[in-house]
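Engineer: Prediction below, plus the sequence it came from.
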Amino acid sequence: MSNGKKRLLTGLQPSGQLHIGNYFGALKPFIDRHSEFESMLMVADYHALTSLKNPAELKKNTLDVVLDYLGAGLDPKEAVIFRQSEVSQHTELAWIFECLVTVPFLQQAHSYKDKVAKGMEANAGLFNYPMLMAADILLYDTDLVPVGKDQAQHIEYAREAASKFNNAFGETFKDPKGIFLEEVATVPGTDGQKMSKSYGNTIPLFGTKDEISKAVMRIVTDSSGERPANVYSIHRLLKSEAELAPLYEEKKGKYKDLKEALIEDLESFIAPMRERRERYASDRPAVDAILKEGNEKARSQAEAKMKVVREKIGLTI
Ligand code: ADP
Ligand code: TRP
């Protein structure tokens, strides 16, 4: 970028209600940094098509994710918020990358193998998913990509796509790097496994106090210890060890009291975000204007990059 700032970009799929794992693993690391960088936050709606075939649900989730981004504290003046499907250059570049990488290379993707092992349809979109993600990242000369640990291999695929292209046609794409936060690498769900939309073990980020309380009360506690590990590790996302020590000492073995304290802390943390989200939800024209501006900015940058790409590969006469 002309102002010398580095580019930060990430995206979330609008495939369901966001939970606190998505927030602490992907959204917060982005929001914490977005003012220092040239930041772009994408709604990966084309990626969501690999699993979602219900138009009403896709529309609802897409608007919800945008509201979640804004509610969670994203400043639309500091970041470009856009929808992937509004920028056709993403699928155009993905095709070009698909012609540069091999099927055996894509077959090594853990995410693809895991999803198919869990019963997801092995559609060609799911198989090519890493090349669309590579296009998302490389189109904007991205330097840094904050994501959860499970996306690390996808960043490697993007680097490989960049290097394949650069070797074949000359230096064109920047080498992007992932940002993974160790302490929040995996937020546990109410059953102690990784919190995930697909496991039914989530604490919804923008749930009502009642929904959040019910989810917390469901957290599985290990009866042998005095400090319930699954409650504590979620609590640690909100407060430091020093802040929590007196509470966990006083309430040793009293799981219900500790869960109630966690509910109160989650509520104080989420309430202001929920209010901000509601303000945006009741002003649809403002949200549409933010998206329109974001889509246009993304499209104009993507097109400038694609002009160079088309020229380099001979798609011009
Ligand atoms: P889910 O598993 O709920 O379907 P996604 O695969 O859509 O989540 O992930 C969206 C983003 O949130 C990714 O960057 C992912 O790494 C991050 N993420 C998802 N679950 C967690 C978790 N339990 N802890 C930390 N980060 C997570
Ligand atoms: N694959 C990511 C996920 O499931 C979403 C995503 C799509 C993404 N395109 C991206 C993340 C580009 C970062 C950069 O979470």
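Structural biologist: That came through fine. Ligands and ions are numbered 1, 2, ... in the order given.

Engineer: Show me what from this protein comes close to ligand 1.
Structural biologist: Neighbours of ligand 1 within the chain, by Cβ under 6 Å from any ligand atom: 12-13, 21-22, 24-26, 147-148, 150-151, 184, 186-187, 194-198. Bear in mind the C-beta positions are built from the backbone N, C-alpha and C, glycine included.

Engineer: Among those residues, which are located in strands?
Structural biologist: Cross-referencing those against strands under DSSP state E gives Leu12.

Engineer: Generate the PyMOL command that creates a selection of the buried members of the residues of the chain next to ligand 1.
Structural biologist: Filtering those down to the buried ones (16 or more other Cβ atoms under 10 Å) takes a single PyMOL command:
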select buried, resi 12+13+21+22+24+25+26+147+148+150+151+184+186+187+194+195+196+197
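
Engineer: filter the residues of the chain next to ligand 1 down to the ones near ligand 2?
Structural biologist: Restricting the residues of the chain next to ligand 1 to those near ligand 2 - Cβ under 6 Å from any ligand atom - leaves Leu12, Gln13, Val147, Gln151.

Engineer: List the buried residues of stretch 75-86.
Structural biologist: Pro76, Ala79, Val80, Ile81, Phe82, Arg83, Gln84, Ser85, Glu86.

Engineer: re earlier: please produce TSV containing the ones next to ligand 2 among the residues of the chain next to ligand 1, extended by pLDDT and distance to Gly294.
Structural biologist: Below are these laid out as TSV (pLDDT from 0 to 100; distance: Cβ to Cβ, whole Å):
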residue	pLDDT	distance to Gly294
Leu12	94	15
Gln13	94	17
Val147	86	20
Gln151	90	22
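
Engineer: Please identify which of these is nearest to Ser111.
Structural biologist: The closest of those to Ser111 turns out to be Gln151 (Cβ to Cβ; 7.9 Å).

Engineer: Dihedrals phi and psi, Arg7?
Structural biologist: In terms of degrees, to the nearest 10, the main-chain angles of Arg7 are phi -90, psi 130.

Engineer: which residues touch it?
Structural biologist: Shown in contact with Arg7 (Cβ atoms under 8 Å, 6 or more residues apart in numbering): Met1, Phe37, Glu38, Ser39, Met40, Tyr140, Asp141, Thr142, Asp143, Leu144.

Engineer: Pairing partners for it in the sheet, please.
Structural biologist: Glu38 (DSSP bridges).

Engineer: Let me know the average pLDDT across the longest helix seen in the chain.
Structural biologist: Taking DSSP state H as the criterion, the chain has its longest helix at helix 284-313. For helix 284-313, mean pLDDT is 98.

Engineer: which outside residues touch the least confident helix or strand in the chain by mean pLDDT?
Structural biologist: Counting by mean pLDDT, DSSP states H and E, the weakest-scoring helix or strand in the chain turns out to be strand 177-179, with a mean of 88. The contact list for strand 177-179, computed with Cβ under 8 Å, 6+ apart, reads Pro29, Asp143, Leu144, Val145, Pro146, Val147, Gln151, Ala152, Ile155.

Engineer: Domain map for this structure?
Structural biologist: Per automatic domain parsing, the structural domains of the chain span 7-185+283-313, 206-277.
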